[in-house]
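J.: would you be able to build a 3D model of this:
(2 chains)
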Amino acid sequence: MPDLLLEIATAEMSREILQTIAANLSSRVDEALAENSRAQQEIRLFYTPRRVALIASDLPEERFTDRKLTGVVSGILKSVATNTEHKELNNLDPSQARLLFPIRHLVCLYGERVISASVENIVADRVTRGHWRTNQEEQVVLSSPDDYEQALAGRGVIVNPDRRGQMVTDAIAEAAREAATPARFPEGLLQDIADEVEFPEPVSGVVNLPSDLPTPLVATALREAGLVLLAVDRESVVRFVGFADGTVDRDAVRAGYERVAQSALRGCKAIFARDRETSLADHVRSLRGMSDAMNLGSLWEKTERLRLLSEQIARVLDASVETVDRVAFLSQADLATWIVREFPSLHGIAGAIYAKLDGEDPSVCIALEEGGKSRAETGIVQGTVEGLAIAIAVRCDDLCCHLLLGNDVHLPRIVGIADDLASLMIDEKIDLDLASMLGSVSEQYRVLAPTIKGEELEKRLRTCLEEHFLEYLDRSEKITSLITSAIPKEVRANPYRSRNCARALQDAMNREGSCSLLDSYRKLSTISSARSNRVFDPSLFEAESERDLWREYLKAEGKLKTSLAESDYAQAIDELAMLGEAIDRYTRDVDSHAGSIEVRNNRQGLIACVVDLYMRVGDFDALIASEEHVPGEEKR
Amino acid sequence: MGSQGIALRLQEFWEAEGCSAIPSYGSLPVGGLTPDVFFGVLGRVAWCACQTVTIIDPSRAPYGVDPLHPVIDQCLQVTQQTSGNQLRDRFIESLQAVGLDLLARDVRFVACEWDQPHLDARTSGWRVLVDRIEVGSISYLHELSGVKLAPMPTRAEYSLGRLSTCVEGEDGDAPAERGRQTAAYALESVDPERIDAFLELHAVECERALALGLYLPAYEHVLASVYLHLLLALHDTRSAGEQFERVSRTAGLARGCASKYLEAQDA
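T.: Numbering: from 1, shown residues only, chains lettered A, B, ... in the order given. As a prediction, this is how the structure comes out:
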């Protein structure tokens, strides 16, 4: 079965627009082909700054005539050309969008045949173009989709972004080998570089370090200039590599890159020197008048909140309260420095550098660096409990501020903070109910939301935190809402405990025997009365099965207490399963309606206590309801 | 050839494209438009101009004295009121006209957007980098002072010093004393409260001129305000909301200038 190739060539697009258009194109082609062939086709997506292309494999000829494909592809092209979610294009009328990113040519091949799809009077054919600069847009005639990658590679264009990324990675590794230094692969930068070019051509350079500029600052200054730091050697020589787009005169380009690198470092040095005129602690005073970049109140107020929050977290984590308080005090100070204004990605890192130069305690410096940045951005793994305490406090505070200011909680940035916080607490096994800490800071938060009265503020924060964490479990841990809805309310603001609970419940539901666990609970819940109090007198038990259940209950209760204290929900579920036989016997042998009122109430007391044991592990009513509504298929 | 020679060569190139040189403009804050361009693109007759301007960018002050991060930059701006999708091709040809070897150098077009909130303007296009040195930009002006521009005017801008560095392979002229002093003033001597007071004075004067129908002197007050905003941005620690309010007032004055100009055209 033939493959389908579609290529749209434009002027240079920004990475954001490019990825939006590529994603749109891919999903529309996927939808259109699935609709017409009733099967999923494999789609390979390609892009460079000047083109977006895809190859859909094995389209059945009996379902896709040339005429049909022409209509389908033309429809897709029209919708992609005029319908994109990117704000820059959304703000323009379609004619203006076309002017900015005019389609320069189209290619559409179905096997060896041209599909004459068209948009805006441009008709697709089999001719693509080489690299605009190095091959002067030389025409490349394609005989079939199989030719596509190879033919363009021969004309200076690598259309596969992963391959360009690999070329960049390999080139950095090679340059590092030549410079006899370990290769650095700054997160995000490599793919950024690969996405900016049609053909990454490495050009290495060397400049002198203007003074004792700390290496993270050197790396950031070069990174902002699009260059990758390889090493700073003992003689203060900075080695770097940059990537030209296509083949170039290396000497000429190297001279340009070195000029840019020298300028970036000189500028960085000037900024660094200006910052060093004031100590980091003195910068804290400037925070009084400074607003958070996300409009989350003043940075001074934030510092005060962080001190309160982190103190409580420090106590839970058994961290040094004194160190954590100092770190919280300094944590926002670098936002008042010129270096962070110029390079916002250095927030936290610059603070740690300046703190060290100011002679702050090493534990403070380490925690400043660990606590400031998102792990996704830096890859920093929390090594100290003090750093961890600050990291949690910063994220928790950011999230609470957004929630209180009424910002859209589904914004990617806010979801990102919640995810970062949840993953941090889960990975580091932090057993902490975040909402319970907010009481001591509620007065500070009230400044941000003066109209929210009394306990309503804490309640609202708790609800929002819970919702975010449950969504995180669904999104990142692939735990369905049917399961997360059964997480006991009192642990939902504790991501670590919630995750453990949800995992254990999900495993239990997937395991053989889950039916007996649910059956046991179902039997109990049908005979239990909502009004019964949780007291019973063992001397009033009449049947042996009652005494049996009581004994098993006592055993389970003790073990459950230990398991839950350790957040071991899997073990807790095993303890509950052990009650199964006793419950079976009880429900078989004992008539809960027989006997005197005193005896009946006594039985209800025992049943209520056993039901409570189940509910401490999970909301089994919710699990039963979900089983009844969506039998089996929602289980993963 | 030097930056002056490059400016002449570029003017000749654009003259041949039908875009004549007009008198240069003294000091234009970055993000501003010269009065010729501001009113030219709002006008209802086809218009184009090639103009050298001195652009002042106080945000570069922390970098100190650096030819690639100049506080004061000599630029050539070519503005055409007629739209066309040949701008990129013309720009490439102009780079070749000043002696840049495209086959040898790493020439990039990096798509970006520029919001110019002080003038209520929106522009998008490409920054142009040669060996990672930003030598200029090409852009489309979508909106100015609340007026949607159709057809969209185009602008090609060249940073003459940096382009000269790329073409000739040598650092440009040593930064002038003016740049050093402007940077020092921007960093050391700016008092946000005094700047606020100056902004207020300019706003009042601008409104007074507009009331008399004198949109040209009124617009000079807008440009002076834009410069003050740039100075303030280096020091102002007020909330984004407060800063936005202040900038909006200047944008409102720019809209007033545009509206008076259009009224005069219609009269």
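J.: what parts of the stretch 151-267 of chain B come near chain A?
T.: Residues of the stretch 151-267 of chain B lying close to chain A (CB under 8 Å from any CB of the partner chain) are B:Met152, B:Thr165, B:Cys166, B:Gly169, B:Asp171, B:Leu187, B:Thr237, B:Arg238, B:Ser239, B:Ala240, B:Gly241. The way it works is simple: take the backbone N, C-alpha and C, and place the C-beta from them, glycine included.
J.: which of the residues you listed tops the neighbour count?
T.: Ranked by neighbour count (other CB atoms under 10 Å in any protein chain shown), these have B:Cys166 at the top, with 28 neighbours.
J.: hmm, that one is touching B:Val107, no?
T.: No. Taking CB atoms under 8 Å as the definition, B:Cys166 is not a contact partner of B:Val107, at 9.4 Å.
J.: joint contacts of those two?
T.: Counting by CB atoms under 8 Å, 6 or more residues apart in numbering or on different chains, the residues touching both B:Cys166 and B:Val107 are B:Leu100, B:Val130.
J.: let me know the pLDDT of A:Ser374.
T.: Looking at A:Ser374, its pLDDT is 51.
J.: counting neighbours, what do you get for the residue of the stretch 151-300 of chain A found nearest chain B?
T.: Taking CB to the nearest CB as the measure, the stretch 151-300 of chain A has A:Gly256 as its residue closest to chain B, at 2.4 Å. Other residues lying near A:Gly256 total 25 when counted by other CB under 10 Å.
J.: then A:Ile103?
T.: Applying other CB under 10 Å, I find that A:Ile103 has 17 neighbouring residues.
J.: residue contacts, it?
T.: A:Ile8, A:Ala9, A:Thr10, A:Ala81, A:Val119, A:Glu120, A:Ile122.
J.: helix/strand/coil for B:Glu220?
T.: When classified by DSSP: H, G, I helix; E, B strand; the rest coil, B:Glu220 comes out as helix.
J.: what sits closest to it if chain neighbours are left out?
T.: B:Pro35 (7.3 Å; CB to CB, 6 or more residues apart in numbering or on different chains).
J.: the residue of the stretch 151-300 of chain A closest to chain B contacts B:Arg105, doesn't it?
T.: Yes. A:Gly256 lies in contact with B:Arg105 (CB under 8 Å); the separation is 7.4 Å.
J.: which neighbours do these two have in common?
T.: B:Val130, B:Asp131, B:Cys166.
J.: in strands only, show me those.
T.: Mapping the shared contacts of A:Gly256 and B:Arg105 onto strands (DSSP state E) picks out B:Val130.
J.: between the shared contacts of A:Gly256 and B:Arg105, which is closest to B:Glu17?
T.: B:Val130 (21.0 Å; CB to CB).
J.: hmm, back to that, lowest-confidence member of the contacts of A:Ile103, which is it?
T.: Among these, A:Ala81 has the weakest pLDDT, 66.
J.: helix, strand, or coil at A:Phe243?
T.: Assignment for A:Phe243 (three-state DSSP): strand.
J.: quick one: it from A:Gly154, how far?
T.: 20 Å (CB to CB, to the nearest Å).
J.: neighbour-wise, which of the two wins?
T.: Legend: neighbour count by other CB under 10 Å for A:Phe243 and A:Gly154, higher for A:Phe243 (25 against 13).
J.: what bridges to that one?
T.: Residues in a beta bridge with A:Phe243, per DSSP bridges, are A:Pro202.
J.: just for chain B, where's the confidence low?
T.: Within chain B, the segments meeting pLDDT under 70 span B:83-85, B:172-175, B:237, B:239.
J.: longest helix in it, please.
T.: helix B:240-266 (DSSP state H).
J.: which helices and strands does it pack with?
T.: helix B:35-42, helix B:192-211, helix B:215-235 (3 or more CB pairs under 8 Å, 6 or more residues apart in numbering or on different chains; DSSP states H and E).
J.: dump those into TSV; add mean neighbour count and distance to B:Ala111 as well.
T.: Below are the helices and strands packed on helix B:240-266 laid out as TSV (neighbours: other CB atoms under 10 Å in any protein chain shown; distance: least, CB to CB, whole Å):
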stretch	mean neighbour count	distance to B:Ala111
helix B:35-42	21	22
helix B:192-211	16	33
helix B:215-235	21	25
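J.: helix or strand with the lowest mean pLDDT in chain A?
T.: helix A:87-90 (a mean of 46; mean pLDDT, DSSP states H and E).
J.: pLDDT score assigned to whatever residue of the stretch 401-550 of chain A ends up closest to chain B?
T.: Relative to chain B, the nearest point of the stretch 401-550 of chain A is A:Leu405 (11.4 Å; CB to the nearest CB). On pLDDT, A:Leu405 comes in at 79.
J.: so what's the backbone phi/psi at it?
T.: The phi/psi pair for A:Leu405 (degrees, to the nearest 10) reads phi -80, psi 0.
J.: for it, grab the count of nearby residues.
T.: If we define neighbours as other CB under 10 Å, then A:Leu405 has 13 of them.
J.: how does chain B divide into domains?
T.: Domain ranges of chain B: B:2-178, B:190-266, per automatic domain parsing.
J.: closest one to A:Gly289 among these?
T.: Taking these one by one with CB to CB, domain B:190-266 is closest: 4.2 Å.
J.: quote the end-to-end distance of that closest one.
T.: 42 Å (CA to CA, to the nearest Å).
J.: try stretch A:370-384
T.: End-to-end distance (CA to CA), stretch A:370-384: 8 Å.
J.: stretch A:443-462 now?
T.: The first-to-last residue distance of stretch A:443-462 comes to 16 Å (CA to CA).
J.: contact partners of it?
T.: So stretch A:443-462 is contacted by A:296-297, A:301, A:304-305, A:308, A:400-401, A:403-406, A:435, A:438-439, A:442, A:493 (CB under 8 Å, 6+ apart).
J.: show me how chain A divides into domains.
T.: According to automatic domain parsing, the domains of chain A span A:4-153, A:161-275, A:281-476, A:512-629.
J.: of all those domains, which one is nearest A:Pro488?
T.: Comparing the domains of chain A by CB to CB, domain A:512-629 comes nearest, at 6.3 Å.
J.: quick one: mean pLDDT for that closest one?
T.: pLDDT averaged over domain A:512-629 gives 86.
J.: list the contacts of B:Leu100.
T.: B:Val107, B:Val130, B:Cys166, B:Val167.
J.: ok, the residue in the stretch 1-150 of chain B positioned nearest to chain A - contacts?
T.: As assessed by CB to the nearest CB, chain A sits closest to B:Asp131 within the stretch 1-150 of chain B, at 2.4 Å. Contacts here follow CB under 8 Å, 6+ apart; on that basis B:Asp131 touches A:Ala244, A:Ala252, A:Val253, A:Ala255, A:Gly256, A:Tyr257, A:Arg259, A:Val260, B:Arg105, B:Asp106, B:Cys166.
J.: could you list which of the residues you listed belong to helices?
T.: Short answer: these in helices (DSSP H) are A:Ala252, A:Val253, A:Ala255, A:Gly256, A:Tyr257, A:Arg259, A:Val260, B:Cys166.
J.: so what's the residue count around the third one?
T.: Yep, that's A:Ala255 we're talking about. Counted with other CB under 10 Å, A:Ala255 comes out at 18.
J.: ok, the fifth one next?
T.: Neighbourhood size, A:Tyr257 [other CB under 10 Å]: 28.
J.: re earlier: any idea how far the spatially closest residue to the residue of the stretch 1-150 of chain B closest to chain A that is not a sequence neighbour lies from A:Arg475?
T.: Excluding the flanking residues, the one nearest B:Asp131 by CB to CB, 6+ apart is A:Gly256, at 2.4 Å. Plainly put, A:Gly256 is 44 Å away from A:Arg475 if you go by CB to CB.
J.: try B:Pro58
T.: B:Pro58 sits 44 Å away from A:Arg475 when distances are taken as CB to CB.
J.: higher neighbour count, those two?
T.: Neighbour totals were compared for B:Pro58 and A:Arg475, and B:Pro58 leads with 24 against 13 (other CB under 10 Å).
J.: spatially nearest residue to the more buried one (excluding sequence neighbours)?
T.: B:Ala186 (3.9 Å).
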